[in-house]
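Predicted model follows, preceded by the sequence.
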Amino acid sequence: DRPWRAASIAASTSCSLRSPRFTTRLSTWLVSPCMRGRTRNRQAATSPSAHTATAATIAVVLLVCVGVRRELAAALSVGDCAALAAIPVTWTAVRKARRFSLLLVLSILAAGTAYIMSLLAESSFVVEAWARRATTLSLLAVPCAVAVFVWGARRLGTRRAALAVGFGMFLDSLPLLQTNTNPWKFGVGAAVTIMVLSLVADQRRLVQIVALLVLSGVFLVSDSRSTLAFLAIILGTVIWQALASWARWHVPTPRRLAVSQILVLAVVGIVAMAGVVMASESGTLGEDAQNRTIAQSSSSAGLLLSARPELGASWALFQNRPWGYGAGVKPRFEDLWVAKQGMAALGYDPENGYVENFMFGGRIELHSGLMDMWAAASIPGALLLLLIAGMALAAMMRDLGRLKATPWLFFAALTVVQNVFVGPWTVLPAYLPIVLGAAVLQPPLRDAAQLGADDAPATPPRDALSSSAVAPASEPAPDVERRPAVETSLRD
């Protein structure tokens with residue numbers, strides 16, 4: 001009996017050793033130290049902090065690229081290419097934003113209209129293929145660049161996102177140091193202003209005032225009247241809000257506060273512009289600015305129309321061809337003659353080469369973003385620019401719902417509004433992501449946080465998606481889909 005029992009035990013043991021379950025357990029036990037090490041490495045590589053750092057790096061690169069307007073091959077800019085290429089990733093940040101929807105629809109409609117009108121005009125006009133391509137893609141890139149800003153602001157905060165775009169603008173303007181006699185006025189100064197105002201946005205008001213005074217002084221000696229007026233308006237607003245906070249001025253609702261501050265801002269703006277004109281006429285801004293201001297003020301057309309005679313050409317062309325021309329269309333001799341007649345009606349002498357070489361040299365450029373897009377994309381293009389101006393003004397109004405203005409937003413928004421009406425379209429794309437992106441991220445005016453008499457610096461919010469990212473309780477969710485651990489306050 002014993003030999004049989006021993007043989008039975010041995011047979012059962014052999015079968016259990018050869019069973020799949022035992023083999024699996026044995027192999028797991030043998031390789032578990034190696035597997036545990038690999039698992040730890042894989043978990044470390046896919047940890048939330050690693051994802052956050054990677055996303056933040058990508059956001060910085062994209063935002064810097066959006067600020068660079070340097071042309072690549074085929075007349076395409078770096079910013080447009082980066083924004084269009086990134087839309088599969090950045091689309092998730094704006095797909096539920098109500099304020100973004102109309103901008104997207106009008107941009108696509110304007111781009112399609114510009115391209116179709118350009119094709120239809122080939123039988124009657126000379127069409128520059130590069131200009132058609134650049135104009136169409138720049139219209140399509142507007143909402144894409146806004147999506148990049150919103151996506152980046154969710155990971156960096158709006159202040160840091162604006163700083164990154166400003167740095168891209170600075171990199172783009174560096175060649176002006178060698179090619180332009182006044183690089184500060186024509187590009188470097190605006191980029192530096194965006195960066196400086198972004199850096200001091202969460203500092204004491206005294207620091208902001210000092211920064212604005214220094215920037216104003218540099219623009220004062222650089223013959224830049226409009227930018228100097230903008231900085232004076234922002235400086236007056238910051239000083240007013242500091243005094244109101246010190247006096248503990250209280251308004252029951254953010255809407256009433258915004259209306260009150262708009263009235264104050266209007267007075268400050270009138271005083272600032274009058275002061276800049278007087279300083280220019282007195283020669284403080286230089287002899288060239290003095291001569292121009294005196295000649296424009298003494299004109300029968302007035303200071304604004306004399307300073308921008310292109311408005312006369314725009315109105316004459318609109319009356320002659322109200323449906324526009326198309327992207328990349330070069331005007332005929334009769335269109336050139338109509339434009340000159342409109343400028344001459346304002347007392348401007350158009351026979352100086354400016355009309356032929358700049359305004360109509362390669363395409364129609366009327367020194368107004370609104371009229372440039374009307375000429376390229378007809379009514380949809382004009383409606384898009386009016387929407388952009390409206391969103392910029394609305395962003396400033398919502399920001400005035402509290403006693404702590406955002407200097408970089410005001411500077412960019414004022415620049416956008418100016419160039420929509422009396423500035424070239426080519427200046428706008430660098431500023432649009434900042435202004436329109438901030439407009440999408442802002443909470444409604446009724447929910448704006450009214451700050452009290454706190455001239456101390458704001459507590460710097462942590463980066464988005466970090467373990468300590470906590471949005472201020474007084475600042476509600478913006479007009480986008482809620483992400484629980486993301487800072488979208490304009491104070492960041």
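That came through fine.

So, low pLDDT: which residues of this protein?
Applying pLDDT under 70 to the chain picks out residues 1-48, 74, 285-286, 295-306, 448-492.

now the strands: where do they sit in it?
In the chain, the strands defined using DSSP state E lie at 126-127, 329-330.

Spatially nearest residue to M195, not counting backbone neighbours?
G166 (4.1 Å; CB to CB, 6 or more residues apart in numbering). For the C-beta atoms, the positions are set from N, CA and C on the backbone; glycine is no exception.

Same check on A345?
Closest residue to A345 apart from its sequence neighbours, by CB to CB, 6+ apart: G312 at 5.6 Å.

And G187, by the same measure?
S173 (3.5 Å).

Check G423 too.
G369 is the one closest to G423 (CB to CB, 6+ apart), at 6.3 Å.

residues touching the one you found, list them.
Each residue near G369 by CB atoms under 8 Å, 6 or more residues apart in numbering is listed here: L385, I388, N419, V420, F421, G423, P424, W425, V427, L428.

Likewise for G152?
Contacts of G152 (CB under 8 Å, 6+ apart): A59, V60, L62, L63, A161, A164.

same check, this time on V264
Residues near V264 by CB under 8 Å, 6+ apart: T237, W240.

Next one: it from D202, what distance?
23 Å (CB to CB, to the nearest Å).

Can you get me a residue count around S118?
As a burial measure, S118 scores 25 neighbours (other CB atoms under 10 Å).

Now the longest helix anywhere in the chain: buried residues?
When the chain is parsed with DSSP state H, its longest helix is helix 369-399. Neighbour-count burial for helix 369-399, counted by 16 or more other CB atoms under 10 Å, picks out 369-378, 380-385, 387-389, 391-393, 395-399.

Can you give the distance of that helix from its chain's centre?
Computed by CA atoms, centre = their mean, to the nearest Å, the chain-centroid distance of helix 369-399 equals 14 Å.

go on, stretch 106-115?
Using CA atoms, centre = their mean, the offset of stretch 106-115 from its chain centre is 20 Å.

what comes into contact with it?
Under the contact criterion CB under 8 Å, 6+ apart, stretch 106-115 has outside partners 132, 135-137, 139-140, 142-143, 326-327, 373, 376-381, 383-384, 387.

how about 10 Å then?
Under the criterion CB atoms under 10 Å, 6 or more residues apart in numbering, residues 132-133, 135-144, 146, 323-329, 373-388 lie in contact with stretch 106-115.

buried set for that stretch?
By neighbour count with 16+ other CB under 10 Å, stretch 106-115 contains the buried residues L106, S107, I108, L109, A110, A111, T113, A114, Y115.

and of the residues you listed, the nearest to A339?
A114 (19.8 Å; CB to CB).

Now tabulate the contacts of G152 in a markdown table and tack on distance to Q208 and neighbour count.
Formatted as a markdown table, these follow (distance: CB to CB, whole Å; neighbours: other CB atoms under 10 Å):
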| residue | distance to Q208 | neighbour count |
| --- | --- | --- |
| A59 | 26 | 26 |
| V60 | 24 | 19 |
| L62 | 28 | 27 |
| L63 | 23 | 31 |
| A161 | 19 | 32 |
| A164 | 20 | 25 |
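
what's the residue nearest to M195 in contact with, if anything?
63-64, 67, 190-199, 408, 412, 430-431, 434.

which residue ranges form the helices in the stretch 251-400 of the chain?
Applying DSSP state H, counting those that start in this stretch to the stretch 251-400 of the chain gives helices spanning 254-281, 287-297, 303-307, 310-320, 333-344, 354, 369-399.

right, so of the ones you listed, which gets closest to F100?
Of these, the one closest to F100 (CB to CB) turns out to be helix 369-399, at 9.9 Å.

excluding its backbone neighbours, what's nearest D335?
Among residues not flanking D335 along the chain, L317 sits closest, at 6.6 Å (CB to CB, 6+ apart).

Now do the one you found against L386, distance only.
L317 is 18 Å from L386, by CB to CB.

just to revisit the earlier point, what's the closest of the helices of the stretch 251-400 of the chain to L156?
With CB to CB as the criterion, L156 lies closest to helix 369-399 of the helices of the stretch 251-400 of the chain, at 18.7 Å.

got the angle for the closest one vs helix 333-344?
50 degrees (axes from the mean of the first three to the mean of the last three CA atoms, to 10 degrees).

and the angle for helix 369-399 with helix 254-281?
Angle between the axes of helix 369-399 and helix 254-281 is 130 degrees (criterion: the same axes, to 10 degrees).

any idea of the angle helix 369-399 forms with helix 310-320?
Using the same axes, to 10 degrees, one finds that helix 369-399 and helix 310-320 are set 110 degrees apart in direction.

What's the local residue count around N352?
N352 has 9 neighbours, counted by other CB under 10 Å.

In contact with the closest residue to F318 other than its chain neighbours, which residues?
In space, and not counting its chain neighbours, F318 is closest to W374: 7.0 Å by CB to CB, 6+ apart. Contacts of W374 were listed using CB under 10 Å, 6+ apart, and they are 110, 314, 317-318, 322-325, 364, 366, 368, 380-385.
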